[in-house]
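A.B. asks: Sequence first, then the predicted structure:
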Amino acid sequence: MYDESREVYINIYDKKSDKIVMNELEELVKQLVAWSIPLNFHIEALKCQSIIMRTKLVRQMRAYGGCGVNQQKEADILMENFVGAIPLEQYKEIWGRDYEDYVKKIETAVMETKGSVLLFNNKPIDARAHLVCGGSTENSENVEGNVVQYLRKVLCNHCQNSPYSLNYKDIPIEEVENKLGVKLTNDEVLKDTTIDNIIDDVLRDEQNRVTKIKIGGKEFKGKEVMDILNINSTRFGWRPQIMRFFTIGKGDGLGLCQYGANNMACEGSSAEEILKYYYTGIEIKKIQNPCINMPLKGKLVVIDPAHGGEDSDDHVGSQGLREKDVNLSIALHLEKELQSLGAEVYLTRREDIVVHLNDRAQMANNTAPHFFISIHQNYFNHPSKSGTEIYYFRGDTVAKELAREIMTALTEEIETLDKGIKPADFFLLREVIVSSIHVEVAYISNFVEEKMLMDDNFRKRAAKSIAKGFVNFYRYV
C-alpha cells in the first residue's frame with residue numbers, strides 16, 4: 001500500500017563531486033519533468049511525463065529491484081544520465097515571468113500522480129518517450145534489436161502540426177565522412193560520381209572530355225552543359241559539398257510521443273488514457289513504500305529445488321546424501337525466510353517428484369517473478385574440491401548483482417570458499433524470461449561439505465544467508 005504521507009528517497013551519485021546525495025523521489029521527478037517536456041503543454045501531458053520520469057527512476061532504484069549505479073553500491077542513479085537537468089530554482093532567469101506559473105504547473109502534475117508508475121508484468125517498464133513521432137511510433141526491435149511487448153508501434157495523427165513535422169539539416173560532406181568513418185567522394189576530380197536520378201550515364205572520350213551526360217533524367221552533350229552552365233571546359237567533374245537531410249519527427253519513435261500526448265490531452269484524453277494508448281498492455285499503479293521491517297514486501301520470487309523423483313539424475317555423496325533432498329530442504333527453509341521478510345514465494349516442487357525443466361521454466365514465466373533462483377549442490381570427481389559457486393545468464397547485470405550479494409552473505413555465514421560468480425548458458429537461466437541465478441551451495445562430493453549439508457541447522461543458515469543477500473540487494477540491512 002502506498003502511503004502518500006511518507007516520502008520515498010532516492011540516492012543520487014554526482015560524478016563531479018564523487019558524492020552520493022539523498023533526495024526525495026518526487027522532488028527529483030519535478031526537476032526531470034522541467035528538463036524533459038515543453039511546459040506550455042496541457043497539464044495531462046505533464047502528468048504523463050511525471051509518471052514516465054518516476055518510472056525511469058524507480059526502475060533504477062535498488063529498493064524496487066533496479067541495478068543502481070555500477071561501482072557505487074549506495075547509489076540508485078547517476079545524474080550524468082540526465083545531461084542538462086538543473087534544480088527548479090535555476091530556471092528563474094530562463095523562464096522569466098513564466099517561472100511561478102511553470103513551477104505550480106509542475107508541482108500539480110507531479111503531486112496529482114504521486115507514487116504512480118508504469119508496470120508490465122508487475123515491473124517498472126523502460127518508459128521511453130520522444131518529442132514527435134511524425135505519424136506513428138516504432139516497434140522496439142526496429143530500434144533496439146529486441147522485442148519489448150509494451151513498446152509496440154501505434155498510429156499517431158496527433159502530432160501532425162508540430163514544429164518538427166518536416167525539417168532539414170545541411171551537413172558538409174567532409175563532416176559526414178569524418179563522423180561516419182566513410183568515403184563519399186573521389187580524390188580525382190574527373191572521376192565520375194554518380195548520383196541516382198541526378199547525374200548518371202556519363203560518357204567520356206579518350207581525353208576525358210564529357211561527350212554525353214544525363215542530368216535529372218535529361219540527356220545533354222558535354223558542350224551543351226559547358227555553354228549553359230558557363231563552365232570553362234567539357235573536361236569537367238563534380239563533387240557535392242553538402243548533404244541535406246530531411247526529417248519527419250524528432251526522436252527515435254519509441255514509446256510516448258509528447259506532441260501527440262499534448263494534442264490528445266487538448267482533445268479531452270486523460271493522462272491514463274494517453275499512456276495506455278502509447279504503451280501496449282501496461283498498468284498504472286502506485287509504488288509500495290519501502291518498509292524496514294518487511295524489506296521484501298511486494299517482491300515475488302520463484303525458488304527451484306533442482307532435481308527430484310525416484311529416477312532423478314542428482315548427485316549422491318560418498319556418505320549417501322542425495323542432492324535432491326538437500327536442495328528441497330534449503331528451498332523450503334528459504335521460502336520461510338523470504339516470506340518473513342514480506343516476499344511472495346513460489347516453489348517449482350514441494351516434494352520428491354519429477355518436474356521437467358520445461359515445466360519449471362513455464363511455471364516461472366507464467367508467475368513472472370522479480371527473480372528466479374535455482375538451488376543445487378556441486379559435484380566433482382576429485383573429493384578435494386570445495387566451495388560455493390553462483391551462475392547467471394550472460395548479460396543479465398541485475399542477476400549478477402544479486403548473485404554478488406548472495407555470494408557475500410552465503411560464504412560469510414556458512415564459511416565456504418567463494419569460487420566465483422560466473423556467466424552460464426544453462427537451460428533455465430536461458431529460458432526463464434526474468435533475472436535468474438543458479439546457486440551451487442556446496443560440494444556434495446567433498447566429505448567435509450557433505451557432512452555439513454547433512455546438518456539441518458546448516459541448511460537453515462544457508463537459506464537465511466541467501467535471504468540476507470536478497471535484502472542487501474534491495475538495500476535494506
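C.D. replies: Arrived safely.
A.B. asks: hey, let's count contacts and neighbours off CA atoms from now on
C.D. replies: Fine.
A.B. asks: sec struct for L429, please.
C.D. replies: Here L429 is recorded as helix under DSSP: H, G, I helix; E, B strand; the rest coil.
A.B. asks: so what's it scoring on pLDDT?
C.D. replies: pLDDT recorded at L429 is 96.
A.B. asks: how close does it get to A403?
C.D. replies: For L429, the distance to A403 equals 13 Å [C-alpha to C-alpha, to the nearest Å].
A.B. asks: Identify the contacts common to those two.
C.D. replies: Taking C-alpha atoms under 8 Å, 6 or more residues apart in numbering as the contact definition, L429 and A403 share the neighbouring residues 392, 437.
A.B. asks: First-to-last residue distance for stretch 143-161?
C.D. replies: With C-alpha to C-alpha applied, stretch 143-161 spans 25 Å between its terminal residues.
A.B. asks: Contacts for that stretch, please.
C.D. replies: Taking C-alpha under 8 Å, 6+ apart as the rule, stretch 143-161 contacts 120, 132-141, 165, 252, 254-255, 257, 259-261, 263-264, 277-282.
A.B. asks: Just the buried subset of these, please.
C.D. replies: Buried residues within these, counting neighbours by 16 or more other C-alpha atoms under 10 Å: 120, 132-140, 165, 252, 254-255, 257, 259-261, 263-264, 277-280, 282.
A.B. asks: Now, those residues that are in helices?
C.D. replies: Mapping the buried ones among the contacts of stretch 143-161 onto helices (DSSP state H) picks out 259-261, 263-264, 277-278.
A.B. asks: show me where this structure has helices.
C.D. replies: In the chain, the helices defined using DSSP H lie at 25-36, 43-60, 92-95, 99-111, 173-180, 222-229, 258-266, 271-278, 323-340, 357-367, 397-414, 427-431, 447-454, 456-473.
A.B. asks: what's in contact with the third one?
C.D. replies: Just to be clear, that refers to helix 92-95. Contacts to helix 92-95, defined as C-alpha under 8 Å, 6+ apart, come from residues Y99.
A.B. asks: can we see that at 10 Å?
C.D. replies: Contacts to helix 92-95, defined as C-alpha atoms under 10 Å, 6 or more residues apart in numbering, come from residues 39, 98-103.
A.B. asks: any idea of the mean pLDDT for it?
C.D. replies: Mean pLDDT, taken over the full extent of helix 92-95, equals 94.
A.B. asks: Enumerate every residue touching the residue most central in space within the chain.
C.D. replies: For the chain, the residue lying nearest the average C-alpha position, counting by C-alpha atoms, centre = their mean, turns out to be D126 (5.5 Å). For D126, the contacting residues are 52, 55-56, 59-60, 118-120, 148, 150-151, 255, by C-alpha under 10 Å, 6+ apart.
A.B. asks: one more time with 7 Å
C.D. replies: Contact analysis of D126 by C-alpha atoms under 7 Å, 6 or more residues apart in numbering lists K56.
A.B. asks: Quick check: phi and psi at it.
C.D. replies: The phi and psi values for D126, taken as degrees, to the nearest 10, are phi -80, psi 90.
A.B. asks: any idea how far it lies from I444?
C.D. replies: Note on D126: its distance to I444, by C-alpha to C-alpha, is 42 Å.
A.B. asks: Likewise for I20?
C.D. replies: Separation of I20 from I444 (C-alpha to C-alpha) stands at 43 Å.
A.B. asks: just E26 next, same as before
C.D. replies: As it turns out, when the distance is counted by C-alpha to C-alpha, E26 lies 50 Å from I444.
A.B. asks: Please say which of these two ends up with more neighbours.
C.D. replies: More crowded of E26 and I444, by other C-alpha atoms under 10 Å: I444, with 32 against 22.
A.B. asks: burial of the spatially closest residue to that one that is not a sequence neighbour, as a residue count?
C.D. replies: Excluding the flanking residues, the one nearest I444 by C-alpha to C-alpha, 6 or more residues apart in numbering is E450, at 4.7 Å. Residues within reach of E450, counting by other C-alpha under 10 Å, total 24.
A.B. asks: Now do stretch 182-192: distance from first to last residue.
C.D. replies: The first and final residues of stretch 182-192 sit 18 Å from each other (C-alpha to C-alpha).
A.B. asks: and it, how far from the chain's centre?
C.D. replies: Relative to its parent chain, stretch 182-192 has a centroid offset of 43 Å by C-alpha atoms, centre = their mean, to the nearest Å.
A.B. asks: For L429 and A403, work out which one has more neighbours and name it.
C.D. replies: In terms of neighbours (other C-alpha under 10 Å), A403 is the more surrounded of L429 and A403; the figures are 28 against 24.
A.B. asks: Give the residue spans of the stretch 1-150 of the chain that score low on pLDDT.
C.D. replies: Counting by pLDDT under 70, the stretch 1-150 of the chain has low-confidence residues at 1-5.
A.B. asks: any chance of the ones in helices among the buried ones among the contacts of stretch 143-161 in CSV, with distance to Y346 and pLDDT too?
C.D. replies: Output for those, formatted as CSV (distance: C-alpha to C-alpha, whole Å; pLDDT from 0 to 100):
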residue, distance to Y346, pLDDT
Y259, 44, 97
G260, 42, 97
A261, 40, 97
N263, 45, 96
M264, 42, 97
Y277, 33, 98
Y278, 33, 98
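A.B. asks: Now render those as a markdown table, adding distance to L347.
C.D. replies: As requested, these are exported to a markdown table (distance: C-alpha to C-alpha, whole Å):
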| residue | distance to L347 |
| --- | --- |
| Y259 | 46 |
| G260 | 45 |
| A261 | 43 |
| N263 | 48 |
| M264 | 45 |
| Y277 | 36 |
| Y278 | 36 |
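A.B. asks: List just the nearest of those residues to A45.
C.D. replies: Using C-alpha to C-alpha, A261 is the member of those that sits closest to A45, with 5.6 Å.
A.B. asks: ok, for that closest one, nearest residue in space, not its chain neighbours?
C.D. replies: In space, A261 comes closest to A45 once its chain neighbours are excluded; the distance is 5.6 Å by C-alpha to C-alpha, 6+ apart.
A.B. asks: how many neighbours does I171 have?
C.D. replies: By the criterion of other C-alpha under 10 Å, I171 has 13 neighbours.
A.B. asks: Quick check: bridge partners of it?
C.D. replies: M243 (DSSP bridges).
A.B. asks: and the gap between it and V182?
C.D. replies: Computed with C-alpha to C-alpha, the distance linking I171 and V182 is 14 Å.
A.B. asks: Just name the most buried of the helices of the chain.
C.D. replies: Between the helices of the chain, helix 43-60 has the highest mean count of neighbours, a mean of 25, where neighbours are mean count of other C-alpha atoms under 10 Å.
A.B. asks: Could you figure out how far that helix is turned away from helix 99-111?
C.D. replies: Orientation check (axes from the mean of the first three to the mean of the last three C-alpha atoms, to 10 degrees): helix 43-60 against helix 99-111 gives 60 degrees.
A.B. asks: elements contacting helix 43-60?
C.D. replies: Contact here means 3 or more C-alpha pairs under 7 Å, 6 or more residues apart in numbering; DSSP states H and E; on that basis helix 43-60 packs against helix 25-36, helix 99-111, strand 116-120, helix 258-266, helix 271-278.
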